[in-house]
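J.: Need the 3D shape of this:
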Amino acid sequence: MLNADSLESSLYLDLLKRCLTRMIFPDGCVNRNLVAEDTYDAAIRQVGRDWPTEAETMIGFERLAHLERCVTQAVRDGVPGDLVETGVWRGGASILMRAVLKVYGDLQRKVWLFDSFEGLPVANPDQYPADRHDRLSSLSAYLGVSLEKVQANFARYGLLDEQVRFVKGWFKDTVPGAPVDKIAVLRLDGDMYESTIQVLEGLYSKVSPGGFVVVDDYVLGNCRAAVQDFRNKYGIAEEIQRIDWTGVFWQRNR
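T.: The predicted structure follows:
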């Protein structure tokens, strides 16, 4: 175990973020037609505006660094609960969260990964009108990453252990009965209204006071509508703070 406040710990987590984003050894990217391109732009990867060919995360360095700060503060402040990500892609953000627990020698908290491991659901506009024009389900060849692949990515970094839990299935089936009692950091990356509202309805009540709610896709109108509808419904007044061009968060006060 590293000393959490040591230079070695800082260097380890910084190196990990650069590896997870492939900023340390650049890869290529794909366009929205899923055609591979050799171009790499460090400024674009820094803020997570491209779709990497090899990186374990597409959220970019800035959102990773912010997530690290949330987990670090939750651990240092003793906020009760586990770390949860809903929509994990190749697992990079959750790998970082597990690494922070490792650095702090936290042997109690778990990192939960909820995902279909098949991509996004086909839009259901009858039930969720905001998703009427969503077509992300058609990109499952890229966005759908198997459970075995995500587990292998954890193992690559030496972070696959009993503190990492995988929950496979659509959120509508897995979130309502999720075996998570308390949450210190809840990271949503479901893109759609359906995926976002199902997670908030099922898990927000488990976020401890002082815990963080991080939303990756707030720039998308349907995701933003789900967040706003949920907050209005339950009178959530904590300020939504911007992380970068698409990510936002708030810290639960009550």
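J.: Next, the distance between the ends of stretch 186-205.
T.: 11 Å (C-alpha to C-alpha, to the nearest Å).
J.: Report the buried residues of that stretch.
T.: By 16 or more other C-beta atoms under 10 Å, the buried positions in stretch 186-205 come out as 186-204. Backbone N, C-alpha and C define where each C-beta goes, glycine included.
J.: Equivalent analysis for stretch 52-71, please.
T.: 52, 55-64, 66-68, 70-71.
J.: again with stretch 94-112
T.: Within stretch 94-112, the residues scored as buried using 16+ other C-beta under 10 Å are 94-104, 106, 109-112.
J.: And the helices in the stretch 51-200 of the chain?
T.: Using DSSP state H, counting those that start in this stretch, the helices of the stretch 51-200 of the chain run over 60-76, 92-103, 140-143, 147-156, 171-174, 193-203.
J.: Distance to residue 43 and mean pLDDT added to these, as a markdown table?
T.: Converted to a markdown table, the helices of the stretch 51-200 of the chain look like this (distance: least, C-beta to C-beta, whole Å; pLDDT from 0 to 100):
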| stretch | distance to residue 43 | mean pLDDT |
| --- | --- | --- |
| helix 60-76 | 10 | 98 |
| helix 92-103 | 19 | 98 |
| helix 140-143 | 22 | 96 |
| helix 147-156 | 25 | 98 |
| helix 171-174 | 33 | 98 |
| helix 193-203 | 28 | 98 |
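J.: Would you format those as a markdown table with distance to residue 119 included?
T.: As requested, these are exported to a markdown table (distance: least, C-beta to C-beta, whole Å):
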| stretch | distance to residue 119 |
| --- | --- |
| helix 60-76 | 21 |
| helix 92-103 | 17 |
| helix 140-143 | 3 |
| helix 147-156 | 13 |
| helix 171-174 | 13 |
| helix 193-203 | 11 |
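J.: which one of those helices lies closest to residue 86?
T.: In terms of C-beta to C-beta, the element of those nearest to residue 86 is helix 193-203, at 4.6 Å.
J.: Mind listing residues that contact the closest one?
T.: Residues from elsewhere that reach helix 193-203 (C-beta atoms under 8 Å, 6 or more residues apart in numbering): 84, 86-87, 114, 120-121, 123-124, 127-128, 130-131, 134, 171-172, 175-176, 178, 180, 183, 186, 188, 190, 215, 217, 222-223, 225-227, 229-230.
J.: 6 Å - rerun?
T.: By C-beta atoms under 6 Å, 6 or more residues apart in numbering, the residues outside helix 193-203 that reach it are 86, 128, 130-131, 171-172, 175-176, 186, 188, 190, 222-223, 225-226, 230.
J.: Name the next helix or strand downstream of that helix, please.
T.: Downstream of helix 193-203, the next assigned helix or strand under DSSP states H and E is strand 207-215.
J.: any idea how far the worst-scoring helix or strand of the chain on mean pLDDT is from the chain center?
T.: Using mean pLDDT, DSSP states H and E, the weakest-scoring helix or strand in the chain turns out to be strand 36-37, at a mean of 88. Relative to the centre of its chain, strand 36-37 is centred 24 Å away, using C-alpha atoms, centre = their mean, to the nearest Å.
J.: helices and strands around it, which ones?
T.: Contact analysis of strand 36-37 by 3 or more C-beta pairs under 6 Å, 6 or more residues apart in numbering; DSSP states H and E lists no helix or strand as a packing neighbour.
J.: what are the pairing partners of it, and which direction each?
T.: Paired strands of strand 36-37, with direction, are strand 29-30 (antiparallel) (DSSP bridges).
J.: re earlier: please flag which of the contacts of helix 193-203 sit within strands.
T.: Of these, the ones assigned to strands by DSSP state E are 86, 186, 188.
J.: Quick check: of those, which lies closest to residue 156?
T.: Looking at the ones in strands among the contacts of helix 193-203 and their distance to residue 156, the nearest is residue 86, at 22.5 Å (C-beta to C-beta).
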